[in-house]
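Trainee: Provided below are the primary sequence and the corresponding predicted coordinates.
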Amino acid sequence: MRMVDIIEKKRNGEELTKEEIRFFVQGYTEGSIPDYQVSSLMMAIYFQDMNDRERADLTMAMVESGDQIDLSGIEGVKVDKHSTGGVGDTTTLSLAAMVAACGVPVAKMSGRGLGHTGGTIDKLEAIEGFHVELTTEQFMKQVNDIGTAVIGQSGNLTPADKKLYALRDVTGTVPSIPLIASSIMSKKIAAGADAIVLDVKTGDGAFMKTFEDAESLAHAMVQIGNNVGRNTMAIISDMSQPLGFAIGNALEVKEAIDTLKGQGPEDLMELCYTLGSQMVVLGGKATTIEEARKKLQEVIANGQALEVFKKFIEAQGGDASVVENPALLPQAKYQIELPARSSGYVAQIEADDVGVAAMLLGAGRATKESTIDLSVGLVLRKKVGDRVEEGESLVTIHTNTEDINEIKEKLYQHIVISSEKVEAPTLIKQVITK
Ligand code: URA
Ligand code: CA
């Protein structure tokens, strides 16, 4: 087989065979096919697309390029959740405990944050002592005993995706539905999920800015998952404003604890119930979405979800007393309010720019090497649609320096107040099942 023939075939709009797809994925991973040929093929795919069969074959070729986590030692259907990334997305922290409390094992492999979106591991590390360095045996045992565990990205998972993503990043070929969908799905499948619930975000803080793009990606991923034997569904949710109130690591842990006590922000609670009920159904612990939602409401009301969270923190070395006493979490030196400059209705809280403001305070990484300050961040006092009076606080800024004028101006610029009444955006925009 010759790479040039594969490139020409795709350039001409023809379908690639499974063997051709495996050939270039393997060859590129091993280093026998050079960057310039693969970038040419990526561009051909960008323009010519791939059909459902090619997308499934590309996904599995990437899965097979490296290690695959074998979770068969964990009893039950392992359901994983994936979010395409957002600002202040505290969901995973609460959701894992909620779903586990309903009897569905949640074995999570998570990452750190980069840029204006946070990572689950960084957030959890705001809890004194918490760590993710578990052996595979410890990880599986913990999921069997407690219902959930979080481990850092370990092993050589999907090396083909790592190389391809880096190449796409510098060759103008990231925004291609078949390439994005196979990239995301390959990582979930290699991490051992039997069933997958996807939260595809849309809006200015999301990777997919428009609803149409989010919808195409969601459909593509649901199709791939089901074509390769993983029960997969997706929701499309709003990321035009940050999720919940808190943005920042320790602040989001506190928000997750509030949520597990049934006192979280309305949008965050709703997203947890929506995603959670799908996970409970896929995990076989309820037959209908309504029944699953009732179960989730029960484990919140009777404290079982919070109990799972405590055990999970303890099992991974963390100080579980933060659950009763969130003041034990890292605290920033100053809490500075941002008073509204005019009265009206909050029309926009631009998620990406507000996320960047939190990053500039130190809550996020500008580059992979940056260190982050777990204590700092933002707590929104208002959400889109809320009435605000001049002088009332829009945001509480948790900071370790008083020199934050630039950040305040950035926030003023991206929190828009209108004199006319504004509707709150719909949180759950669509549910996509096979
Ligand atoms: N996120 C991924 O993991 N892969 C892509 O291709 C794009 C976004
Ligand atoms: Ca939040």
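Mentor: That came through, no problem. Ligands and ions are numbered 1, 2, ... in the order given.

Trainee: got a list of what the residue of the stretch 301-434 of the chain found nearest ligand 2 touches?
Mentor: Residue of the stretch 301-434 of the chain nearest ligand 2, by C-beta to the ion: Leu380 (8.5 Å). The way it works is simple: take the backbone N, C-alpha and C, and place the C-beta from them, glycine included. Going by C-beta atoms under 8 Å, 6 or more residues apart in numbering, Leu380 touches Pro242, Gly244, Phe245, Ala246, Ile247, Ile349, Leu394, Val395.

Trainee: and those, which two are furthest apart?
Mentor: Gly244 and Leu394 (15.3 Å; C-beta to C-beta).

Trainee: my guess is Ala195 meets His82, correct?
Mentor: No: contact status for Ala195 versus His82: not in contact, 11.5 Å apart, counting by C-beta atoms under 8 Å.

Trainee: wait, isn't Val174 in contact with Ser183?
Mentor: No: using C-beta under 8 Å, Val174 is not in contact with Ser183; the gap is 9.2 Å.

Trainee: shared neighbours of those two, which are they?
Mentor: Counting by C-beta under 8 Å, 6+ apart, the residues touching both Val174 and Ser183 are Tyr165.

Trainee: who has more neighbours out of the two?
Mentor: Ser183 (21 against 16; other C-beta atoms under 10 Å).

Trainee: backbone dihedrals for the residue nearest to that one when sequence neighbours are not counted, please?
Mentor: In this structure, Ser183 finds its nearest non-sequential neighbour in Asp161, 5.2 Å apart by C-beta to C-beta, 6 or more residues apart in numbering. With angles defined as degrees, to the nearest 10, Asp161 sits at phi -70, psi -40.

Trainee: pLDDT value on Asp161, please?
Mentor: We have a pLDDT of 96 for Asp161.

Trainee: who in the protein is up against ligand 1?
Mentor: Tyr165, Val174, Leu179, Ile180, Ser183, Ile184, Phe207 (C-beta under 6 Å from any ligand atom).

Trainee: so what's the third one up against?
Mentor: So that's Leu179. So Leu179 contacts Met42, Ile45, Tyr46, Leu164, Arg168, Thr173 (C-beta under 8 Å, 6+ apart).

Trainee: quick check: Gly355 touching Val87?
Mentor: Yes: with contacts counted by C-beta under 8 Å, Gly355 reaches Val87, the gap being 3.6 Å.

Trainee: for the two, indicate the residue with more neighbours.
Mentor: Val87 (31 against 28).

Trainee: relative to Asn325, how far out is that one?
Mentor: 27 Å (C-beta to C-beta, to the nearest Å).

Trainee: please identify the helix or strand for the residue lying closest to Arg387 once chain neighbours are set aside.
Mentor: Nearest-residue entry for Arg387: Tyr345, 5.9 Å, with adjacent residues in sequence omitted and distances by C-beta to C-beta, 6+ apart. In the assignment (DSSP states H and E), Tyr345 maps to strand 344-349.

Trainee: so which elements touch that strand?
Mentor: Counting by 3 or more C-beta pairs under 8 Å, 6 or more residues apart in numbering; DSSP states H and E, the packing neighbours recorded for strand 344-349 are strand 387-388, strand 415-418.

Trainee: roughly how far is whichever helix or strand comes after it from the heart of the chain?
Mentor: Downstream of strand 344-349, the first helix or strand assigned by DSSP H and E is helix 351-358. Here helix 351-358 is found 16 Å from its chain centre; the criterion is C-alpha atoms, centre = their mean, to the nearest Å.

Trainee: also stretch 368-385?
Mentor: The answer for stretch 368-385 is 16 Å, by C-alpha atoms, centre = their mean.

Trainee: quick one: mean pLDDT over it.
Mentor: Averaging pLDDT along stretch 368-385 yields 94.

Trainee: how long is that stretch from one end to the other?
Mentor: Stretch 368-385 has an end-to-end distance of 36 Å (C-alpha to C-alpha, to the nearest Å).

Trainee: now stretch 127-141
Mentor: Start-to-end, stretch 127-141 (C-alpha to C-alpha) is 22 Å.

Trainee: in that stretch, what counts as buried?
Mentor: Judged by neighbour count using 16 or more other C-beta atoms under 10 Å, the buried positions of stretch 127-141 are Ile127, Phe130, Val132, Leu134, Phe139, Met140, Lys141.

Trainee: how much space separates the residue nearest to Ser183 from Ser186?
Mentor: From Asp161 to Ser186 the distance is 5 Å (C-beta to C-beta).

Trainee: number of nearby residues for Glu369?
Mentor: 6.

Trainee: check Tyr28 too.
Mentor: 22.

Trainee: what sits against the nearest residue to it once chain neighbours are set aside?
Mentor: Distances taken as C-beta to C-beta, 6+ apart put Val38 closest to Tyr28, at 5.0 Å, once the chain neighbours are dropped. Val38 is in contact with Phe24, Tyr28, Leu164, Leu167, counting by C-beta under 8 Å, 6+ apart.
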